[in-house]
Structures are given as structure tokens and as C-alpha cells.
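*Asks:* Just the structure for this:
(chains A, B, C and D)
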There are 2 protein chains.
Amino acid sequence: MRIGELAEQAGTTTRTLRHYESLGLLPARRSGNGYRTYDEDDLRLLQQIRTLQDFGFGLEETRPFVDCLRAGHPAGDACPASLEVYRRKLAELDEVIERLRRVREEVGLQLARAEMELAADLPGGPPPRCAFSPPDPERAFSPPDTEQETSTP
Amino acid sequence: MRIGELAEQAGTTTRTLRHYESLGLLPARRSGNGYRTYDEDDLRLLQQIRTLQDFGFGLEETRPFVDCLRAGHPAGDACPASLEVYRRKLAELDEVIERLRRVREEVGLQLARAEMELAADLPGGPPPRCAFSPPDPERAFSPPDTEQETSTP
DNA sequence: GCTGGCTTTGACGTCGACGTCAAGGTCTAC
DNA sequence: GTAGACCTTGACGTCGACGTCAAAGCCAGC
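*Replies:* The predicted model follows:
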């Protein structure tokens, strides 16, 4: 099977396959005319890579899985090195998710507060009495001026 | 206040401030010698940008907030455009978090399965009888060969 | 006047996973 | 024998938010 067919079968592009090969991730045999040649094993390697990519794994993180398959194991995660990647990724995911959860909460709070302050300012007075300190005029921004400083005159 | 001092006050770098200026996000006045000059308002603008950055906002997404402050409002989110950005970011966060949650679950399942299969293979037979189809020898990978294809002979 | 610390602009580098274009070789079908 | 569909390598572009380096200007203190 040539590069175009493999790309199509895996739902990717030839450029991607050449990129993988340049990283040594998916080396190809060559037929007489110099064309890259792949077989079903390569398709499985590629599918392993793509699956992990969909999970957000970096290409380097897929390497242990690919090596594992190439070593003759029936699955890419049948090797300890792959399991380690799984575990690190899980920890990473937990961290990221927790961070995003906190950000989401904070942004939600900010939105709610800003919406209420806006609603209180627009109609001509705060209709639903809330425990907000109204915008302090002292802290208001001065509009941009054209003042030309001449350093220390 | 010059660029170095502002950077220090905001806990960032001069390069960052010049970058913001190149985007028109934080323009600076100039003193007689050509040095950039900032005031307390600029510091607040910068703090607004940095806060949103910490939340994962892109620089372009901070622009409505900065414009809002520069328009004289007491807060960067006192304008409808800023609220829109909040809302879009919230929706985006929800999507991302949900996607990551699903990935986390899937990776966790894969890890558990792979760990059990590995444990079942190593000690010399599956000790705790589980409902797994054992690795199929037929689907095992053939080790890399050095076969030289000569295309279609 | 000179050293050292600030500043200026300009421009290229980084990271990741490719996209895109160019110039050319190979093969099949008509 | 030639169009068209495939393939090759090489190299630059993309996106974002800066980092890093170079060459030079400005200023305070000694």
C-alpha cells in the first residue's frame, strides 16, 4: 500500500505520514521506484498514534506505544513504558481539568457580578437592592490624554 | 514610570509590554528622550490584561476589557462587549472541560484494562479470573522485517 | 570621561503538528 | 505519446505570546 492509500485509510494526510516518518515514528519501506510502501501493521501503528493524538497525547508520548507494537506485542499498551505514559497523562489531565474548573467558576462569578452591576447602572438606579459597592467614581479611569511628557525638565 | 518599572510592578517583562504595544493593546506615551512612559492607569490596564491571561484569555479577547477601561469605565467588564467575551469563554470552558473529562475517563479505563492484562500475562497465568479476551496470537504484530519490495514485478 | 544600567529598534528563534508550495520523477490509461 | 494522478524531496508558512540577541542611544554617578 502506498502513502496516499494509507493516509486515506487512516483518515489523515500524506504530509502527516511523512512527518511521522521524519520523527522515526512510522518509518516506511521503499519500493523499487522510491515510493513509500506500507502494510497492515503500519496501519495499526498509525491508528494507535491517531487514537492517542485524539486523546491529546503529543507525538513523543505515542512513541512507547508504537515501540511496544513494533516489538511484537498485541497492543500498544501491553508494555510498562506505555502504562507510565498513561499514568502521567492521567495526572496531567486531572491537573488541567481542576485548573479549568476553578477558572470556569471564577469567570462565572465575574460574569454574574458584572451583569448585575451593569443592570444596576443602566435603568436609572439599582432596581433589585444588592449588596454591591457601586462603582467608585474616584477609581474611574481618566480618558486617554495627549499629554507630552518632556522627562525631567 | 518607565518600561522596566512597570514590568516589575506587574510581574512581567519589558518584552511583553513592547509586544502589547505592537498590538495596540497598551500604547505608551514617550518622554523627551524617546523612552516609553506609563502611569497608574496603564498599570491597571496591564493588570486587567494579565488577570485575563491567567484565565486563559487570548490577548485579542482582552481588548474589549482594555477598551472599556480606557473609555473611562471603572472596571474592564463594565461594558457589554466584555460580558460577551465572558459568555463565550464560559461556553468554551464548558466544552473543553467536558471533552477533557471524557478523555480522562477513557484513558483511565484503558490504563486499568492494560494493567490487568499485563498482570495476567506476567506471573505465568491469569491469577484473578477476569472477563477479558486474552491477547489473540493471530493479531500479534510481526517484528519488523527487511523485506525489499520491488513494486509489481 | 567613562562605566554600568537603563532604554531603543529590528529581527530572528521557540514550540507542535503539520499546511502549502515548488520543481520534478513515475506510472497508467487513452 | 501524452494527460493526469500519483509520488519524491526541500523548504518556508502557520498560530500565539513572547524569548533572545545585536547594535546602539541615553543618563547618573564617580
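*Asks:* Count the residues that sit near A:Ala120.
*Replies:* Here the number of neighbours of A:Ala120 (other C-beta atoms under 10 Å in any protein chain shown) works out to 18. (Each C-beta comes from the backbone N, C-alpha and C, glycine too.)
*Asks:* what number of residues lie near A:Tyr86?
*Replies:* For A:Tyr86, the neighbour count with other C-beta under 10 Å is 24.
*Asks:* Could you do A:Tyr35 as well?
*Replies:* Look at A:Tyr35: counted by other C-beta under 10 Å, it has 14 neighbours.
*Asks:* Now do the SS call for the residue nearest to A:Pro27 when sequence neighbours are not counted.
*Replies:* Nearest residue to A:Pro27, sequence neighbours excluded (C-beta to C-beta, 6 or more residues apart in numbering or on different chains): A:Glu21, at 5.7 Å. Following DSSP: H, G, I helix; E, B strand; the rest coil, we place A:Glu21 in the helix state.
*Asks:* before we move on, what about the one 5 residues further on?
*Replies:* A:Leu26 carries the three-state label coil when classified by three-state DSSP.
*Asks:* Can you give me the distance of it to A:Thr16?
*Replies:* From A:Leu26 across to A:Thr16, the span is 9 Å (C-beta to C-beta, to the nearest Å).
*Asks:* Give me the more crowded residue out of these two.
*Replies:* Taking neighbours as other C-beta under 10 Å, A:Leu26 and A:Thr16 compare with A:Leu26 leading, 22 against 17.
*Asks:* Just give the number of residues close to the residue lying closest to the more buried one once chain neighbours are set aside.
*Replies:* Excluding the flanking residues, the one nearest A:Leu26 by C-beta to C-beta, 6+ apart is A:Tyr20, at 4.0 Å. The tally of other residues near A:Tyr20 (other C-beta under 10 Å) stands at 20.
*Asks:* Over to A:Val96?
*Replies:* If you count neighbours by other C-beta under 10 Å, A:Val96 ends up with 15.
*Asks:* same question, A:Asp42
*Replies:* Residues lying near A:Asp42 (other C-beta under 10 Å) number 21.
*Asks:* Tell me which helix or strand it sits in.
*Replies:* According to DSSP states H and E, A:Asp42 maps onto helix A:40-54.
*Asks:* Likewise for A:Glu84?
*Replies:* Using DSSP H and E, A:Glu84 sits in helix A:80-121.
*Asks:* Could you confirm whether that helix reaches DNA strand C?
*Replies:* No: judged by C-beta under 7 Å from any atom of the strand, helix A:80-121 makes no contact with DNA strand C; its nearest approach is 12.3 Å.
*Asks:* So that helix, near DNA strand D or not?
*Replies:* No: using C-beta under 7 Å from any atom of the strand, helix A:80-121 stays clear of DNA strand D, coming no nearer than 14.6 Å.
*Asks:* Point out the other helices and strands that that helix packs with.
*Replies:* helix A:59-70, helix B:80-121 (3 or more C-beta pairs under 8 Å, 6 or more residues apart in numbering or on different chains; DSSP states H and E).
*Asks:* Report the inter-axis angle for the longest one versus helix A:40-54.
*Replies:* On the basis of axes from the mean of the first three to the mean of the last three C-alpha atoms, to 10 degrees, helix B:80-121 is oriented at 140 degrees to helix A:40-54.
*Asks:* same check, this time on the first one
*Replies:* An angle of 150 degrees separates the directions of helix A:59-70 and helix A:40-54 when computed by the same axes, to 10 degrees.
*Asks:* Next to DNA strand C, which bits of chain A? Give me the list.
*Replies:* Within reach of DNA strand C by C-beta under 7 Å from any atom of the strand, chain A has these residues: A:Thr12, A:Thr13, A:Arg15, A:Thr16, A:His19, A:Gly32, A:Asn33, A:Gly34, A:Gln53, A:Gly58, A:Leu59, A:Glu60.
*Asks:* right, and the pair among those residues with maximum separation?
*Replies:* Greatest spacing in those, by C-beta to C-beta: A:Gly32 and A:Gly58 (35.5 Å).
*Asks:* Report the contact partners of the residue lying closest to A:Gln48 once chain neighbours are set aside.
*Replies:* Spatial nearest neighbour of A:Gln48, excluding adjacent residues (C-beta to C-beta, 6+ apart): A:Gly76 at 4.4 Å. Contacts for A:Gly76 (C-beta atoms under 8 Å, 6 or more residues apart in numbering or on different chains) come out as A:Gln48, A:Pro64, A:Phe65, A:Val66, A:Cys68, A:Leu69, A:Ser82.
*Asks:* which residues sit in contact with the first one?
*Replies:* So the one you mean is A:Gln48. A:Gln48 sits next to A:Thr62, A:Phe65, A:Val66, A:Leu69, A:Gly76 when contact means C-beta under 8 Å, 6+ apart.
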